[in-house]
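Visitor: here's a sequence, model it:
(2 chains)
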Protein chains: 2
Amino acid sequence: MAKRINSTPKKDGFRMPGEFEPQEQIFMIWPDRPDNWRNGGKPAQEAFKNVAVAISEFEPVTMLVSPQQYANARNRLPEQIRVVEMTNNDSWVRDCGPTFVKDDKGELRGIDWDFNAWGGLVDGLYFPWDQDDMIAQKVCELERVDSYKTAGFVLEGGSIHVDGEGTVMTTEMCLLSEGRNPHMSKQEIEDMLKEYLNCEKVIWLKDGIDPEETNGHIDDVACFVAPGEAACIWTEDPEDPFYEVAQQAYSILSESTDAKGRKLKVHKLTTTKKPVTISGDFDIDYVEGTVPREDGELCISSYMNFLIVNGGVIVPQYEDENDALALEQVQAMFPDRKVVGVNTKEVVYGGGNIHCITQQMPKR
Amino acid sequence: MAKRINSTPKKDGFRMPGEFEPQEQIFMIWPDRPDNWRNGGKPAQEAFKNVAVAISEFEPVTMLVSPQQYANARNRLPEQIRVVEMTNNDSWVRDCGPTFVKDDKGELRGIDWDFNAWGGLVDGLYFPWDQDDMIAQKVCELERVDSYKTAGFVLEGGSIHVDGEGTVMTTEMCLLSEGRNPHMSKQEIEDMLKEYLNCEKVIWLKDGIDPEETNGHIDDVACFVAPGEAACIWTEDPEDPFYEVAQQAYSILSESTDAKGRKLKVHKLTTTKKPVTISGDFDIDYVEGTVPREDGELCISSYMNFLIVNGGVIVPQYEDENDALALEQVQAMFPDRKVVGVNTKEVVYGGGNIHCITQQMPKR
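Guide: Purely as a prediction, here's the structure:
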């Protein structure tokens, strides 16, 4: 029904499609942990609902919900959102969910990477993470999709982007971090990516913008817009906290060629005008093992953390002066898609944004 | 995605198919409550696994599992059984799960009856039952099936059998019990059955064999084998605890006509040679609100509690002298199906059997 396959996607002719390829549905996880989401998670739940509703204008959404929150989530979400009970440690399905791969006949399979809350006992963000580590398997079984388990190899979906044609991009800061796979060399890690995503070329950026959270996930910095086309964050303001990473990313990407030998066209996407910081009525539980968030803290706000869906792009908005500019720039990257902004300040207060809280399942 | 429909199946042209019609899959719920299942539920889990495996030879099985038991169930069950997390109060999906109805185009919908643990605060078997009452909705949403909610009307799937051609059979003992719908007359209850199951005729048997448990569910006493054909339990031994109910059921059924005006052909199915009683190493938790089970107690053992699946019939076995006879008699009723016996003493120790712990989803 949903088997574990003892092989690799490359051997079996399965590849990870680009996010811009046709999708069947989007998964999300309902936020509820009061030691990460302020005020019992109520403001975050409202923001997640708004993201889910925005996506559901384009394609089906399944919201995975912890047992305790089932009735609440079912009542707060409109009927078109499918609600399915699933125990979790937090709401980052991009990172703990399966990475789907597809073959030429349209069959889907999942990759169930090891998940250790972004660094395990070295610099992970919460403990335990056992329930999150089971999400990929549970989602695959829910959808009757066979899966590959990379036992002993830690990876999160937010640390990779593919073009669907043999190229993957990632960051050294994350993939070479002490809390992931310190027993492996850069070459060995590169070989794993190629084997499981079925790629021939890895483009290595250096840093991400959140060294202390995900250790620099690619999905806050850069992405593929289409085969041969990338995008990255951009600012010319040296005071911007993300200035150096943006310059570095643009420089590397614009000098890169992809697996097909194409020189990448690189779109620039603005950062926020002002740094977004946690502010206001911010009350979270103190829990042993959870990295606390505090009033005044710099948020990892990036317009790059958008999600591509069928016919649309769902883009974070921060009540910032550059919100409209970001939508225009994303629209220019995707002239045939409808660009929809959603205010997700409450999501970034928890450490991520739209791309981090979603996982696409490609069309079979 | 999975809407609540504010109408009735009859109005919308949906009917409940007979159990002998083609099925898409079978649902079960993994047993774990230590105040009902002996020795922490381990012997019952083994029996449920054997039932699931027997069914999976004929069609897909989805096992719904409480969050605490997910890893254990996933590891004990073979890969062909789909395991999905779902909080529950106990394992009687026949009674708390949806009753599926189907229209001429093959679309499915679910009926989400009110569930109150077989009698609520009057004579229910455990408290609370809130999680069981959500199972029907959750299953419908899992399978993306719209549903009807009978708010204010209590019914369990084990208290009805249909022939798929306009006839339903049930018992007065159960449907007219004080703990179900005491505010409604027999005629009003009959009208509800006709409206939701899309039937024209209700055949009322009087009693079931477990007045103190389900208040006499039909699925321990009689069923439809095919349109125009029924079966009921049978014994000629006046000392048999189920003698009177068997005589009464046979007498009523063999004098009944169905919705199409056919006189029913009635097959006889033996009872066990000796009464089955709880015996041996029987240790359950004492919990306030749960009706306790005790060593020496008479079990509600009935061969009638079989499940019809695609091409097969899964029949309870009790290590009784009549086990083989029961299989022969079921085989005679279903000459074109493979009859498979499963030792389910551990299930009947918990108060039911194969039919009670399964729910079929018809083929779309």
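Visitor: what comes up buried for the top strand by length along chain A?
Guide: Counting residues, the longest strand found in chain A (DSSP state E) is strand A:146-154. Applying a neighbour-count criterion of 16 or more other Cβ atoms under 10 Å in any protein chain shown, one finds A:146-150, A:153-154 buried in strand A:146-154. Quick note: C-beta positions are derived from backbone N, CA and C, even for glycine.
Visitor: can you give the contact residues for that strand?
Guide: A:2-5, A:7-9, A:98, A:109-116, A:120, A:136-137, A:140, A:179-181, A:184, A:192, A:196 (Cβ atoms under 8 Å, 6 or more residues apart in numbering or on different chains).
Visitor: same deal with stretch A:117-130?
Guide: With Cβ under 8 Å, 6+ apart, stretch A:117-130 has contacts from A:33, A:35-36, A:89-90, A:95-96, A:115-116, A:132, A:154, A:156, A:177-180, A:212-215, A:287, A:289-291, A:351.
Visitor: switch the cut-off to 7 Å
Guide: Counting by Cβ atoms under 7 Å, 6 or more residues apart in numbering or on different chains, stretch A:117-130 makes contact with A:89-90, A:115-116, A:132, A:156, A:177-179, A:213-215, A:289-291, all of which sit outside it.
Visitor: among the residues you listed, name the buried ones.
Guide: A:89-90, A:115-116, A:132, A:156, A:177, A:179, A:213-215, A:290-291.
Visitor: which parts of chain A sit against chain B?
Guide: A:1-3, A:60, A:67, A:79-87, A:138, A:141-142, A:144 (Cβ under 7 Å from any Cβ of the partner chain).
Visitor: residue boundaries of the strands in the stretch 51-200 of chain A?
Guide: In the stretch 51-200 of chain A, the strands defined using DSSP state E, counting those that start in this stretch lie at A:61-65, A:81-85, A:99-102, A:108-114, A:146-154, A:161-162, A:167-171.
Visitor: hang on, the earlier thing: now, which of the buried residues of strand A:146-154 sits nearest chain B?
Guide: A:Asp146 (9.3 Å; Cβ to the nearest Cβ).
Visitor: can you count the residues close to the residue nearest to the closest one when sequence neighbours are not counted?
Guide: For A:Asp146, ignoring the flanking residues on the chain, the nearest one in space by Cβ to Cβ, 6 or more residues apart in numbering or on different chains is A:Lys3 at 4.6 Å. Counted with other Cβ atoms under 10 Å in any protein chain shown, residues neighbouring A:Lys3 total 13.
Visitor: next, A:Leu269: secondary structure please.
Guide: strand (DSSP: H, G, I helix; E, B strand; the rest coil).
Visitor: quick check: it touching A:Ile233?
Guide: Yes. Between A:Leu269 and A:Ile233 there is a contact at 5.6 Å, judged by Cβ atoms under 7 Å.
Visitor: for whatever residue of the stretch 251-364 of chain A ends up closest to chain B, list each beta-bridge partner.
Guide: When scored by Cβ to the nearest Cβ, the stretch 251-364 of chain A has A:Met361 as its residue closest to chain B, at 13.9 Å. For A:Met361, the beta-bridge partners are A:Gln25 (DSSP bridges).
Visitor: distance of A:Gln245 relative to A:Lys138?
Guide: You called it Gln, but residue A:245 is Val. 34 Å (Cβ to Cβ, to the nearest Å).
Visitor: the more surrounded of these two?
Guide: A:Val245 (28 against 24).
Visitor: what helix or strand does the more buried one sit in?
Guide: helix A:243-254 (DSSP states H and E).
Visitor: could you dump that helix to CSV, C-alpha only?
Guide: Extracted in CSV, the C-alpha atoms of helix A:243-254 (Å, rounded to 0.1, in the frame of the first residue of the first chain):
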residue,chain,number,x,y,z
TYR,A,243,23.2,42.8,2.5
GLU,A,244,26.3,40.5,2.4
VAL,A,245,24.3,37.3,1.8
ALA,A,246,22.4,39.0,-1.0
GLN,A,247,25.5,40.2,-2.7
GLN,A,248,27.2,36.9,-2.3
ALA,A,249,24.2,34.9,-3.6
TYR,A,250,23.7,37.1,-6.7
SER,A,251,27.4,36.9,-7.5
ILE,A,252,27.6,33.1,-7.3
LEU,A,253,24.3,32.5,-9.1
SER,A,254,25.0,34.9,-12.0
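Visitor: isn't A:Asn305 right up against A:Ala222?
Guide: No. A:Asn305 is not in contact with A:Ala222 according to Cβ under 7 Å; the separation is 11.0 Å.
Visitor: you'd agree A:Asp281 is in a helix?
Guide: No. Under three-state DSSP, A:Asp281 sits outside any helix and is assigned coil.
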